[in-house]
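K.L.:
sequence first, predicted coordinates after that:
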Amino acid sequence: MKFQHLPLGTRFVYQGEIFTKISPLVASVDGGGQRMIPRYASLSPVDGVEITAPAKTKSGLIELDRVWLALDTLEHTLAQSVLDAEVVKLAVAQCRETIRA
């Protein structure tokens, strides 16, 4: 499973550490700290619990609550960072991917 397909709050293993997805770009490490997880990263389930992507509605539309949550987490992430233009572009692109997922 890829990071961009995970719903917020999902726990997963990446490079031998357990993480929880807290924004479209960032996951928190169990025990403290945060890391950006690359889009290409291959993630493993925690304790054998399968990671699944959220289901789309029949119409192909996503729930408005998911859109607002994605935008709120993006805003929170950007507010806590020292940003340059490339980081902002990446964050916005990742937010758009989350909304489309």
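P.N.:
In hand now; what should we look at?
K.L.:
please enumerate the helices of the protein.
P.N.:
Listed in chain order, the helices of the chain (DSSP state H) span 64-79, 85-100.
K.L.:
residue ranges with poor pLDDT in this structure?
P.N.:
By pLDDT under 70, the low-scoring segments of the chain are 48-62, 75-76, 78-86, 88-89, 99-101.
K.L.:
buried residues, stretch 21-29. List them.
P.N.:
21-28 (16 or more other C-beta atoms under 10 Å). (C-beta placed from N, C-alpha, C; glycine too.)
K.L.:
most widely separated two among those residues?
P.N.:
Farthest-apart pair in the buried residues of stretch 21-29 is 24 and 28; separation 13.7 Å (C-beta to C-beta).
K.L.:
how about the buried residues of stretch 21-29 in CSV, adding distance to residue 42?
P.N.:
Listed next are the buried residues of stretch 21-29 as CSV, based on distance: C-beta to C-beta, whole Å:
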residue, distance to residue 42
21, 15
22, 20
23, 20
24, 18
25, 17
26, 18
27, 14
28, 19
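K.L.:
ok, of those, which one's closest to residue 15?
P.N.:
Of the buried residues of stretch 21-29, the one sitting nearest to residue 15 (C-beta to C-beta) turns out to be residue 27, at 11.2 Å.
K.L.:
out of everything not next to it in sequence, what's closest to that closest one?
P.N.:
residue 19 (3.8 Å; C-beta to C-beta, 6 or more residues apart in numbering).
K.L.:
give the contact list for the residue lying closest to residue 70 once chain neighbours are set aside.
P.N.:
Closest residue to residue 70 apart from its sequence neighbours, by C-beta to C-beta, 6+ apart: residue 98 at 4.6 Å. For residue 98, the contact set (C-beta atoms under 8 Å, 6 or more residues apart in numbering) comprises 4, 24, 70.
K.L.:
the last one reaches residue 24, doesn't it?
P.N.:
Yes - Residue 70 sits in contact with residue 24 when judged by C-beta atoms under 8 Å, with a separation of 6.0 Å.
K.L.:
spit out the residues that contact these two alike.
P.N.:
Jointly contacting residue 70 and residue 24 under the rule C-beta under 8 Å, 6+ apart are 95, 98.
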